[in-house]
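Enquirer: Need the 3D shape of this:
(one chain, ligands or ions: 1)
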Amino acid sequence: MRQRGADGLSCAAITFEKPSASAEAGSGAAAGPPAQEAGFNDLVSGAPPVAFLTEFQQGPALPNGHVQWDHGQATVAPDTAEAGDRPTAWVPRQPRSGEQWLQLGYEKSVELREINIHESYNSGAVSKVTALMSGGEEKTLWTGSAAPGSANEILQTAVPVPPGTTTGQIRVYVDTNRVASWPEIDAVEVVGSDGSRQWANSSSASSSHSESYGTQVFGSPVIWEQPVAASP
Ligand SMILES: [Ca+2]
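Expert: Residues are numbered from 1 along each chain as shown. Okay, here's the model as predicted:
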């Protein structure tokens, strides 16, 4: 286990168990243009045009139910099996775009003891972790500069939380200017003072790469008319 100490954090390289065949297929199939090609072919072959346009603009969803690189990809347990630019992690809309944040919600509000951030690409951009309190206050739990790992390394960064903060909503901030390309976060676990461990079940973000997926590549929405079948 490789340790990386900086600003009171401890980090460790993570080795994952090999994912199931379906999860592995989903991760690999959605890594870029092949997924778009599949959508276009579906349209040509007569798939419902409305469904196609929805998928087209938002980017295709993966088998886990979330659009690739969306903030939803940081919910539930880690599912990015290998380090690198993987669609099963949250990614800000643009690299080197200043401060961005990922907000995660958990089923049970607990007194926090530790927050474990699983970075899966260009680690080292995490700059602040906060708790969203019931009264609307945003409470800073940690801020600083974590030393980066290598670009292609999955790191778990443990953020200790002093006693006295009870919440079910946290934010992880990244300073995207600290790393060369997109920082990617696979999952974030909260550990309670009661020993409980939770993965997120809701999410939002300042931006997600999923937002630019359709518009950046394909332009403005278009109106597609269902082709009329030829008379026999
Ligand atoms: Ca994930």
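Enquirer: for the protein, what spans make up the strands?
Expert: When assigned using DSSP state E, the strands of the chain occupy the ranges 10-13, 99-121, 126-132, 138-143, 155-160, 166-175, 184-192, 197-199, 202-205.
Enquirer: Point out the one among those strands that comes closest to T88.
Expert: Closest to T88 of the strands of the chain is strand 184-192 (C-beta to C-beta; 6.6 Å). All C-beta atoms are positioned from the backbone trio N, CA, C, and that covers glycine.
Enquirer: for that closest one, packing partners?
Expert: With contacts taken as 3 or more C-beta pairs under 8 Å, 6 or more residues apart in numbering; DSSP states H and E, strand 184-192 sits against strand 99-121, strand 166-175, strand 197-199.
Enquirer: One more pass at 6 Å, please.
Expert: Packing partners of strand 184-192 (3 or more C-beta pairs under 6 Å, 6 or more residues apart in numbering; DSSP states H and E): strand 99-121, strand 197-199.
Enquirer: so can I have CSV of these showing mean neighbour count and mean pLDDT?
Expert: Shown next, in CSV, are the helices and strands packed on strand 184-192 (neighbours: other C-beta atoms under 10 Å; pLDDT from 0 to 100):
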stretch, mean neighbour count, mean pLDDT
strand 99-121, 20, 97
strand 197-199, 16, 98
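Enquirer: Could you tell me the phi and psi values at T88?
Expert: In terms of degrees, to the nearest 10, the main-chain angles of T88 are phi -90, psi 20.
Enquirer: per-residue confidence at F52?
Expert: At F52, the model reports a pLDDT of 40.
Enquirer: how deep is G164 tucked in, by neighbour count?
Expert: 9 (other C-beta atoms under 10 Å).
Enquirer: Same question for S134.
Expert: 10.
Enquirer: Tell me which of the helices and strands packed on strand 184-192 lies nearest to the ion.
Expert: The ion sits nearest to strand 99-121 of all the helices and strands packed on strand 184-192, at 7.8 Å, using C-beta to the ion.
Enquirer: Can you pull the residues of the chain lying near the ion?
Expert: Residues of the chain that fall close to the ion, judged by C-beta under 5 Å from the ion: Q73, D79, T88, D186, A187.
Enquirer: Of those residues - the most surrounded one?
Expert: Neighbour counts for the residues of the chain next to the ion (other C-beta under 10 Å) peak at Q73, which has 31 neighbours.
Enquirer: how close does that one sit to P87?
Expert: Here the criterion is C-beta to C-beta, to the nearest Å. By it, Q73 lies 7 Å from P87.
Enquirer: for T167, same thing?
Expert: Per C-beta to C-beta, T167 is found 29 Å from P87.
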